[in-house]
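Asker: model this:
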Amino acid sequence: MPFEAADLERIREMIRLMDEHGLVELSIEHGQDKIYLKRPGPQPVPIQPIAPTTAPASPAGLLEIKAPLVGTFYRATRPDADPYVEVGSRVEPKTVVCIIEAMKVLNEIKAELTGTIVEVLATNGQPVEYGQPLFRVRPD
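Answerer: A predicted model of the protein is given here:
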């Protein structure tokens with residue numbers, strides 16, 4: 001049975017909604033009609049509850065680079081790549097120190113200060129909260 005223009009428009013709208021909400025699959029049933037849409041993509045990772053984490057107070061004289069958004073912390077662009085920074089790395093305000101993935105968008109996080117990394121507080125692949133300390137820096 002050929003699709004009518006109105007049917008195709010509804011399917012386009014469902015695809016738009018999938019894009020807008022980051023969905024990989026969508027299934028709709030209405031009476032005898034069934035529509036199932038699926039796009040290739042990464043397999044879903046089970047959602048782990050985010051336990052509130054509190055980093056110990058920063059030692060005197062050290063500054064912290066904090067998460068500017070909620071998401072998943074990554075030290076490098078891909079698992080086999082070198083981290084952006086290590087303990088001992090010198091950073092400047094525009095130095096990218098990590099990536100935080102939020103809603104399938106990779107956000108480069110910049111140091112926004114000048115100094116030397118003395119401690120990495122987050123683990124690769126760890127969910128992070130807004131304002132959570134990620135690095136400690138000894139300012140220059």
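Asker: Can you pull the domain assignment for this protein?
Answerer: 5-38, 63-139 (automatic domain parsing).
Asker: How about the residue nearest the centre of the chain: what's its closest non-neighbour residue?
Answerer: Nearest to the mean C-alpha position of the chain, by C-alpha atoms, centre = their mean, lies Glu101 at 1.3 Å. Using C-beta to C-beta, 6 or more residues apart in numbering and skipping the chain neighbours, the partner closest in space to Glu101 is Thr72 (4.6 Å). For the C-beta atoms, the positions are set from N, CA and C on the backbone; glycine is no exception.
Asker: State the distance from the nearest residue to Gly71 once chain neighbours are set aside to Leu69.
Answerer: Among residues not flanking Gly71 along the chain, Ala102 sits closest, at 3.5 Å (C-beta to C-beta, 6+ apart). Counting by C-beta to C-beta, to the nearest Å, the gap from Ala102 to Leu69 is 5 Å.
Asker: which residues of this protein score low on pLDDT?
Answerer: Along the chain, segments meeting pLDDT under 70 span 1-3, 6, 40-58.
Asker: where along it do the helices fall?
Answerer: Using DSSP state H, the helices found in the chain span residues 5-21.
Asker: What segments of it are strands?
Answerer: Taking DSSP state E, the strands of the chain run over residues 25-30, 33-38, 63-66, 71-74, 90-91, 96-102, 105-110, 115-120, 127-128, 133-139.
Asker: Looking at those strands, which is nearest to Ile15?
Answerer: strand 33-38 (6.7 Å; C-beta to C-beta).
Asker: Counting by contacts, list what that closest one packs against.
Answerer: helix 5-21, strand 25-30 (3 or more C-beta pairs under 8 Å, 6 or more residues apart in numbering; DSSP states H and E).
Asker: Please tabulate the ones you listed in a markdown table, including the columns distance to Gly115 and mean neighbour count.
Answerer: Converted to a markdown table, the helices and strands packed on strand 33-38 look like this (distance: least, C-beta to C-beta, whole Å; neighbours: other C-beta atoms under 10 Å):
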| stretch | distance to Gly115 | mean neighbour count |
| --- | --- | --- |
| helix 5-21 | 40 | 11 |
| strand 25-30 | 46 | 10 |
